[in-house]
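Peer 1: I need the structure of the sequence given here:
(one chain, ligands or ions: 2)
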Amino acid sequence: MPIYPASKISSLKLAARSIRSGGLVAFPTETVYGLGADAMNPTAVAKIFAAKKRPFFDPLIVHIADINAVRDLWTDMPLLAQRLAEAFWPGPLTLVYRKRSNVPDIVTAGLDTVAVRMPDHPTALELIRLSGTPIAAPSANLFGRTSPTTAQAVRDDLGSRVRVILDAGACRVGVESTVLKIETRGVTLLRPGGVPLEALRKICPVRFSSQPKTKSSKMRSPGLLESHYAPVSPMVLIPGLTQAVLKRFAARYPKLRLACLLWTPMTHLPRNCHAGYLSRRRNLTEAAAKLFETIRKLDKMKPDLILAQALPKRALGLAIMDRLMKASSGRVGFNQAEQLLRKGDWK
Ligand code: TXA
Ligand code: MG
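Peer 2: Ligands and ions are numbered 1, 2, ... in the order given. Purely as a prediction, here's the structure:
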């Protein structure tokens, strides 16, 4: 399936024609690559779910290039939404608010709200403009898998399921947008992401969602599923993963092929362990940008187990930890790692 350079206007025109005629286009945003279709065309949107093998209960984000486009999507523009949009659009912030009836139900999974964001990427913005319609797009990966931050990662996952992939190199932010629900009583954080909580709190107070972590179809934001963003090899999140602790663990399982997703530099790694560093400078923005690509790289080595080191939960660290927790399916600590290994008959 062809990858087209986003720098060429002919690629953008081809992609826009595909959107207008009800096809799918994978395109870069500042967060991750999206798999887009005309948001107002339910048949086109259905193709997204089929290509990703995504369950229909998981609603999509609608991408716009102009703030006035919300008029066709939301019933009105509450003051709080306006202030947040002014502060963070274009950018990695998605706002969920009451939808108008013309927004197809397949986009919102039948909810009475629709998620909207204006991406901060010239290719995404130009594609939306040329298509002349808002574009519904989830991350361009198979459902439940690691989000793609390069065109190649999209191809690895979706293969021949998409006819057009626009390539603009690696995504700048690297984790998906922050999802906020706007209600009369204020705003609720549904998913931490590219806009840090600290920045949002300068505009308004933010409540945390108290949604239970279930796999039910009644959930308010399925991005909150406990297992998501998962690599093929099992991952376990290890708080306090130091060099000494890792050495002891690796020595107990000398035949185990280990991979470690690391935040703190380690000078000596056990022989049976491959390391992927998120940021040698210990910079959380860089760590976010490298997160999914590093997970994919480690996963491609087909290790028996991936250990992920915990990061500080401030700034982009909150979104990173959310993704690591879900990529680990909620497994935390060496006890859980050993439990996994017992199941796999490792001694
Ligand atoms: O950065 C991003 O947000 C990327 C790029 C492509 O824009 N998109 C993305 O889409 O991450 P997706 O489908 O992987 O995640 C969308 C999240 C899901 O957690 C979904 O449940 C939530 O947004 N969502 C969408 N519409 C919603 C709604 N009406 N109410 C609550 N949550 C909603
Ligand atoms: Mg996704």
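Peer 1: of all of the stretch 51-200 of the chain, which residue lies closest to ligand 1?
Peer 2: residue 138 (2.9 Å; Cβ to the nearest ligand atom). Just so you know, the C-beta spots here come from the backbone N, C-alpha and C atoms, and that holds for glycine as well.
Peer 1: and that residue, what is it in contact with?
Peer 2: Going by Cβ atoms under 8 Å, 6 or more residues apart in numbering, residue 138 touches 34-35, 48, 52, 54, 58, 60-61.
Peer 1: and the helices in the stretch 101-250 of the chain, which stretches?
Peer 2: In the stretch 101-250 of the chain, the segments counted as helices under DSSP state H, counting those that start in this stretch are 105-108, 122-131, 151-158, 197-200, 243-252.
Peer 1: how about the lowest-mean-pLDDT helix or strand in the chain: buried residues?
Peer 2: Least confident helix or strand of the chain, by mean pLDDT, DSSP states H and E, is helix 334-343 with a mean of 92. For helix 334-343, the neighbour count (16 or more other Cβ atoms under 10 Å) marks 334, 336-337, 340-341 as buried.
Peer 1: between those residues, which sits nearest residue 165?
Peer 2: residue 340 (34.7 Å; Cβ to Cβ).
Peer 1: any idea of the pLDDT on residue 131?
Peer 2: On pLDDT, residue 131 comes in at 98.
Peer 1: now it: closest residue in space, sequence neighbours ignored.
Peer 2: Spatial nearest neighbour of residue 131, chain neighbours left out: residue 19 (4.1 Å); criterion: Cβ to Cβ, 6 or more residues apart in numbering.
Peer 1: how about that neighbour, secondary structure?
Peer 2: Of the three states, residue 19 takes helix according to DSSP: H, G, I helix; E, B strand; the rest coil.
Peer 1: count the residues that sit near it.
Peer 2: If you count neighbours by other Cβ atoms under 10 Å, residue 19 ends up with 25.
Peer 1: for it, what are its contacts?
Peer 2: Applying Cβ under 8 Å, 6+ apart to residue 19 gives the contacts 25, 36-38, 44, 127, 131, 133, 135.
Peer 1: just among the residues you listed, which is most surrounded?
Peer 2: Tallying neighbours with other Cβ under 10 Å puts residue 36 at the head of these, with 34 neighbours.
Peer 1: that one pairs with what?
Peer 2: residue 25 (DSSP bridges).
Peer 1: hmm, residue 123 and it touching each other?
Peer 2: No: the criterion here is Cβ atoms under 8 Å, and residue 36 misses it with residue 123 at 11.1 Å.
Peer 1: and for these two, which residues touch both?
Peer 2: Residues touching both residue 36 and residue 123 (Cβ under 8 Å, 6+ apart): residue 27.
Peer 1: which ones are touching the residue most central in space within the chain?
Peer 2: Nearest residue to the geometric centre of the chain (Cα atoms, centre = their mean): residue 176, 3.9 Å. Shown in contact with residue 176 (Cβ under 8 Å, 6+ apart): 31-32, 92, 139, 147, 191, 193-194, 223, 319.
Peer 1: quick check, nearest of these to residue 265?
Peer 2: residue 319 (22.1 Å).
Peer 1: so what's residue 3 up against?
Peer 2: When contacts are counted by Cβ under 8 Å, 6+ apart, residue 3 touches 151-152, 155, 165-167.
Peer 1: kindly apply the preceding question to residue 329 instead.
Peer 2: Shown in contact with residue 329 (Cβ under 8 Å, 6+ apart): 226-227, 230, 234-235.
Peer 1: and these, which are buried?
Peer 2: Neighbour-count burial (16+ other Cβ under 10 Å) applied to these gives 230, 234-235.
Peer 1: near ligand 1, from these?
Peer 2: Counting by Cβ under 6 Å from any ligand atom, nothing from the buried ones among the contacts of residue 329 sits close to ligand 1.
Peer 1: least confident pick among those residues?
Peer 2: pLDDT across the buried ones among the contacts of residue 329 is lowest for residue 230, at 83.
Peer 1: re the thing from before, columns distance to residue 261 on top of the buried residues of helix 334-343, output as JSON lines?
Peer 2: Below are the buried residues of helix 334-343 laid out as JSON lines (distance: Cβ to Cβ, whole Å):
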{"residue": "334", "distance to residue 261": "15"}
{"residue": "336", "distance to residue 261": "16"}
{"residue": "337", "distance to residue 261": "13"}
{"residue": "340", "distance to residue 261": "16"}
{"residue": "341", "distance to residue 261": "18"}
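Peer 1: what is the nearest of those residues to ligand 1?
Peer 2: Ranked by distance to ligand 1 (Cβ to the nearest ligand atom), these are led by residue 336 at 24.7 Å.
Peer 1: in strands, which of the contacts of residue 138 fall?
Peer 2: The strands, defined by DSSP state E, take in 34-35, 61 from those.
Peer 1: could you pick out which of these are near ligand 1?
Peer 2: For ligand 1, the contacts drawn from these by Cβ under 6 Å from any ligand atom are 34, 61.
Peer 1: low pLDDT regions in the stretch 1-150 of the chain?
Peer 2: For the stretch 1-150 of the chain, the stretches flagged by pLDDT under 70 are 1.
Peer 1: can you name the residues of it sitting close to ligand 1?
Peer 2: Residues of the stretch 1-150 of the chain lying near ligand 1 (Cβ under 6 Å from any ligand atom): 29, 31-32, 34, 58-61, 92, 94, 96, 108, 111, 113-115, 119, 137-139.
Peer 1: the contacts of residue 138: which two are farthest apart?
Peer 2: Spatial extent of the contacts of residue 138 (Cβ to Cβ) is set by the pair 34 and 58 at 14.3 Å.
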